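Participant: below are the sequence and a predicted model for it; my questions follow.
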Amino acid sequence: MQTHTDKPLKILTWHVHGSYLYYLTQAPCQFFLPVKAGKSEGYGGRSGAFKWGDNVREVDADEVKNLDFDCILFQSKKNYLEDQFEILNDIQRTLPKIYLEHDPPREVPTDTSHLVDDPTVLLVHVTHFNKLMWNNNRSPTQVIEHGVTIPLRVHYSGHYDKGIVVINGITKRGRRLGMDIFEQVRKHIPLDLIGIGSEELGGLGEIPPPALPAFIARYRFFFNPIRYTSLGLAVCEAMLTGLPIVGLATTEMAITIENGKSGYIHTDVDFLIQRMQELLNNPEEAQKLGEGAKLAAQQKFNIHRFAEDWLRTFQYAIKKTKDRQATIDDVIS
């Protein structure tokens, strides 16, 4: 484990998922984010409404090849197949490498091979479900479960007699993110929808991530209609806020929410509609379940555990690369 006397590790990565990147940068490392004019995909730097720390630095993409790093962290197909060959020099491409996979396989859930097939690249998944579903090829794999934090002043009230749904781009991503389920449920249950592009379905638009916990804390429950994706950070934040969670018993949700203790999950939408109606009729029960959700989130999504997991993972990848190089040098000599 890194001590306070050690120099912070220097990590190069790209801005792919803003909220995840913000939580990732809580690890005691220096993070370098390449930027380009126009903030093209992956090159947004310290953008968004996040309170980035002093350990997060922007660097012009053209200057990346002149800097020293300890590890390269890829977060997208584009990072791995294109960006590294565009902005890294030959020596930098021999540095320890980690690929952070944010999603489960899209094409065929059970038989899709991951694009990384390299025993020298550590493949990190954000959920055990993702690791289970991908064919990880020859790549060593690891799971780092989410870590989140919310402002201390935020507390659940649940005084709105309706549920809240948080999804970005729901109309573009359709059935996979449960647009049809959302529309089915809101015929019976009052729901507000927020997120990028939510106005297309009569939603309230995007809420800046730092303001999201306080905004949703006023609703009776959090509804997650998503069929198939990774575990959304909004679910984790809602739990930590103290909202009871109602959603589909699919993907990592199946081991995240416990029926009758932190909310309700099921594959029968009619069952979920009944439970939501009960929560609207019984605020005390909603608060009880919300307390269970908060306790579960404090244990499962602890930000300090998350930061330590990432630090250990960077250290592990660096050590494995050094050991591998030492073995090669011994063979050569």
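Facilitator: Yep, that arrived.
Participant: sticking with the closest residue to T141 other than its chain neighbours, tell me its helix or strand.
Facilitator: The shortest distance from T141 to any non-neighbouring residue, by C-beta to C-beta, 6 or more residues apart in numbering, is to L123 (4.8 Å). The way it works is simple: take the backbone N, C-alpha and C, and place the C-beta from them, glycine included. Assessed by DSSP states H and E, L123 sits inside strand 121-125.
Participant: mind listing residues that contact that strand?
Facilitator: Outside strand 121-125, the residues that touch it by C-beta atoms under 8 Å, 6 or more residues apart in numbering are 96-101, 114, 116, 131, 134, 136, 139-144, 313, 316-317, 320.
Participant: just the buried subset of these, written out for ChimeraX, thanks.
Facilitator: Applying 16 or more other C-beta atoms under 10 Å to those, the buried members can be selected in ChimeraX as follows:
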select :96,97,98,99,100,101,114,116,131,134,136,139,141,144,313,317
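Participant: and the contacts of strand 121-125, which of them are in helices?
Facilitator: Among the contacts of strand 121-125, the residues falling in helices (DSSP state H) are 131, 313, 316-317, 320.
Participant: between those residues, which is nearest A37?
Facilitator: A317 (31.5 Å; C-beta to C-beta).
Participant: quick one, strands of the stretch 151-300 of the chain?
Facilitator: Assigned by DSSP state E, counting those that start in this stretch, the strands in the stretch 151-300 of the chain fall at 160-166, 191-194, 219-224, 245-248, 263-266.
Participant: mean neighbour count, the ones you listed: which tops it?
Facilitator: Most buried of the strands of the stretch 151-300 of the chain, by mean neighbour count (mean count of other C-beta atoms under 10 Å): strand 219-224, with a mean of 28.
Participant: packing partners of that one?
Facilitator: strand 160-166, helix 233-241, strand 245-248, helix 269-281, helix 283-300 (3 or more C-beta pairs under 8 Å, 6 or more residues apart in numbering; DSSP states H and E).
Participant: which among those is found nearest to E58?
Facilitator: Comparing these by C-beta to C-beta, helix 233-241 comes nearest, at 22.8 Å.
Participant: what packs against the closest one?
Facilitator: For helix 233-241, the packing partners by 3+ C-beta pairs under 8 Å, 6+ apart are helix 18-24, strand 160-166, helix 212-216, strand 219-224, strand 245-248, helix 283-300.
Participant: what strands line up against the fifth one, and which way round?
Facilitator: Translated: strand 245-248. strand 219-224 (parallel), strand 263-266 (parallel) (DSSP bridges).
Participant: those into CSV, with extra columns for mean pLDDT and distance to E58?
Facilitator: Listed next are the strands paired with strand 245-248 as CSV, based on pLDDT from 0 to 100; distance: least, C-beta to C-beta, whole Å:
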stretch, mean pLDDT, distance to E58
strand 219-224, 98, 34
strand 263-266, 98, 39
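Participant: present those as CSV; the columns should include distance to Q92.
Facilitator: Formatted as CSV, these follow (distance: least, C-beta to C-beta, whole Å):
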stretch, distance to Q92
strand 219-224, 40
strand 263-266, 44
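Participant: to T149, which of those lies closest?
Facilitator: strand 219-224 (17.3 Å).
Participant: reformat the helices and strands packed on helix 233-241 as TSV; add distance to G205.
Facilitator: Below are the helices and strands packed on helix 233-241 laid out as TSV (distance: least, C-beta to C-beta, whole Å):
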stretch	distance to G205
helix 18-24	17
strand 160-166	12
helix 212-216	11
strand 219-224	16
strand 245-248	22
helix 283-300	25
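Participant: of those, give the one that comes closest to S76.
Facilitator: helix 18-24 (11.6 Å).
Participant: immediately after the closest one, which helix or strand?
Facilitator: Downstream of helix 18-24 (by DSSP H and E), the next one is strand 30-35.
Participant: for the following helix or strand past that next one, which outside residues touch it?
Facilitator: Next helix or strand after strand 30-35 toward the C-terminus (DSSP H and E): strand 56-60. For strand 56-60, contacts defined as C-beta under 8 Å, 6+ apart pick out 25, 30-36, 45-46, 67.
Participant: give the buried residues for strand 56-60.
Facilitator: Buried residues in strand 56-60, counted by 16+ other C-beta under 10 Å: 56, 58-59.
Participant: what do you get for stretch 243-258?
Facilitator: Buried, per 16+ other C-beta under 10 Å, within stretch 243-258: 243-253, 256-257.
Participant: now tabulate those in a markdown table and tack on pLDDT and distance to N282.
Facilitator: Converted to a markdown table, the buried residues of stretch 243-258 look like this (pLDDT from 0 to 100; distance: C-beta to C-beta, whole Å):
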| residue | pLDDT | distance to N282 |
| --- | --- | --- |
| L243 | 98 | 15 |
| P244 | 98 | 11 |
| I245 | 98 | 16 |
| V246 | 98 | 14 |
| G247 | 98 | 19 |
| L248 | 98 | 22 |
| A249 | 98 | 22 |
| T250 | 97 | 26 |
| T251 | 96 | 28 |
| E252 | 97 | 28 |
| M253 | 98 | 23 |
| T256 | 98 | 23 |
| I257 | 98 | 18 |
